[in-house]
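S.K.: Curious how this folds, go ahead:
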Amino acid sequence: MSWRYRRRSADQKIMDRAREARMARIHMEDEHSSSADSLPAWSMEAGGKEMIRVTRLSGEVLYLNVLQIESMESIPETKIKMMNGYYYLVKDTADSVVEQLRTFYHSCISPESEYK
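M.R.: This next block holds a predicted model:
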């Protein structure tokens, strides 16, 4: 019975080290990404897919594919459910996420199209 406790403790230590490394990487990215802050939140490109920027409760910045968002729920924080079943709890309000989505879709479909 004690091996389970030790195993769980060892697993927790591994998770804590991974979390610390991830947070250190985030802080380094924040210090070196001052030029990216001048871009709109949805303009992050990853493999040709447009993304929106949200912040997790832990402060970690996520870029989510706008075409993969299934639903959002406004509890004290915002819960964003993706098409694959994963969900993210973020600090951003549902209104700010919807505004990013509107801005993105508006940039895709503009009335001043050169094809008339």
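S.K.: those strands in this structure, which residues are they?
M.R.: 45-46, 49-55, 61-65, 69-74, 78-82, 87-90 (DSSP state E).
S.K.: Can you redo those strands as a markdown table, where the extra columns are mean pLDDT, distance to residue 104 and mean neighbour count?
M.R.: Quick note: C-beta positions are derived from backbone N, CA and C, even for glycine. Below are those laid out as a markdown table (pLDDT from 0 to 100; distance: least, C-beta to C-beta, whole Å; neighbours: other C-beta atoms under 10 Å):
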| stretch | mean pLDDT | distance to residue 104 | mean neighbour count |
| --- | --- | --- | --- |
| strand 45-46 | 44 | 12 | 10 |
| strand 49-55 | 82 | 6 | 18 |
| strand 61-65 | 91 | 11 | 16 |
| strand 69-74 | 92 | 11 | 13 |
| strand 78-82 | 93 | 15 | 17 |
| strand 87-90 | 93 | 16 | 18 |
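S.K.: Any idea which of these gets closest to residue 15?
M.R.: Residue 15 lies closest to strand 87-90 among those, at 17.8 Å (C-beta to C-beta).
S.K.: Does anything pack onto the closest one? Which helices or strands?
M.R.: Secondary-structure packing of strand 87-90 (3 or more C-beta pairs under 8 Å, 6 or more residues apart in numbering; DSSP states H and E): strand 49-55, strand 61-65, strand 78-82.
S.K.: now the longest one and strand 69-74, what's the angle there?
M.R.: Same thing as strand 49-55. When axes from the mean of the first three to the mean of the last three C-alpha atoms, to 10 degrees is applied, the directions of strand 49-55 and strand 69-74 differ by 20 degrees.
S.K.: Quickly run through the sheet partners of strand 49-55, with directions.
M.R.: Strand pairing for strand 49-55, determined by DSSP bridges: strand 45-46 (antiparallel), strand 61-65 (antiparallel).
S.K.: and that strand, C-alpha only, in CSV?
M.R.: Taking Å, rounded to 0.1, in the frame of the first residue of the first chain, the C-alpha atoms of strand 49-55 are listed here in CSV:
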residue,chain,number,x,y,z
LYS,A,49,-4.1,28.3,-39.5
GLU,A,50,-5.4,31.5,-37.9
MET,A,51,-5.6,31.5,-34.1
ILE,A,52,-7.1,33.5,-31.3
ARG,A,53,-5.1,34.3,-28.2
VAL,A,54,-6.5,33.4,-24.7
THR,A,55,-4.9,33.2,-21.3
